[in-house]
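K.L.:
here's my sequence, what's the structure:
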Amino acid sequence: MRFLITILLLCAAPLAAEDLNCAEPITQSDMNRCAHQSYLAADEDLNLAYKLAVAFAKEMDEYLSEGETPAVTLLRDAQRAWIPFRDKACELESTIVRGGSLQSLIYSSCLERETRARTEALRFFAETN
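P.N.:
Residues are numbered from 1 along each chain as shown. Below you'll find the predicted structure:
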């Protein structure tokens, strides 16, 4: 019996994921999940842009003068500072609907927007060569 329940649960999980239609989400739960998926996609793009920026920073550091901070260090520190800033800014933005069913949608949408903006900034940096 346990085996049958396990099989049913394993089969149901992919079906639940397939039911999510982000082109036309219907429920608030679907909208929240779709917003989170959009943020995750933006985060993947950010990671790729960051890798390009690191590669460019390393190239720039070949011409580093004595006493200068390496570009790769500046980039890393800026990114580490930006992440908690983004998270807190989006947390604040989501308080306009605090406690409501829209709060996670507002938070995820903000994360996506800010992440895409940061991605563009990193791409700009990486492509200035």
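K.L.:
nearest residue to the middle of this protein?
P.N.:
Asp43 (2.8 Å; CA atoms, centre = their mean).
K.L.:
who's in contact with that residue?
P.N.:
By CB atoms under 8 Å, 6 or more residues apart in numbering, Asp43 lies in contact with Leu111, Thr115. In short, each C-beta sits where N, CA and C put it, glycine included.
K.L.:
distance of it relative to Ser108?
P.N.:
Separation of Asp43 from Ser108 (CB to CB, to the nearest Å): 11 Å.
K.L.:
what residues sit buried inside the helix or strand Leu105 falls within?
P.N.:
Per DSSP states H and E: Leu105 is located in helix 103-126. Within helix 103-126, the residues scored as buried using 16 or more other CB atoms under 10 Å are 103-116, 118-119, 122-123, 125-126.
K.L.:
how distant is it from the center of its chain?
P.N.:
Per CA atoms, centre = their mean, to the nearest Å, the displacement of helix 103-126 from the mean C-alpha position of its chain is 7 Å.
K.L.:
likewise stretch 67-75?
P.N.:
Relative to its chain's centre, stretch 67-75 lies at 25 Å (CA atoms, centre = their mean).
K.L.:
quick one on the thing from earlier: let's see the helix holding Leu105 as CSV, backbone CA atoms only.
P.N.:
Extracted as CSV, the C-alpha positions of helix 103-126 are listed here (Å, rounded to 0.1, in the frame of the first residue of the first chain):
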residue,chain,number,x,y,z
GLN,A,103,2.5,40.4,-0.8
SER,A,104,4.5,37.6,-2.2
LEU,A,105,3.6,38.6,-5.8
ILE,A,106,4.8,42.2,-5.1
TYR,A,107,8.0,40.9,-3.4
SER,A,108,8.8,38.5,-6.3
SER,A,109,8.0,41.1,-8.9
CYS,A,110,10.3,43.6,-7.2
LEU,A,111,13.1,41.0,-7.0
GLU,A,112,12.7,40.3,-10.7
ARG,A,113,12.7,44.0,-11.7
GLU,A,114,15.7,44.8,-9.5
THR,A,115,17.6,41.7,-10.6
ARG,A,116,17.0,42.5,-14.3
ALA,A,117,18.3,46.1,-13.7
ARG,A,118,21.4,44.8,-12.0
THR,A,119,21.9,42.3,-14.8
GLU,A,120,21.9,45.2,-17.3
ALA,A,121,24.4,47.1,-15.2
LEU,A,122,26.7,44.1,-15.0
ARG,A,123,26.4,43.6,-18.8
PHE,A,124,27.2,47.2,-19.4
PHE,A,125,30.3,46.8,-17.2
ALA,A,126,31.4,43.6,-19.0
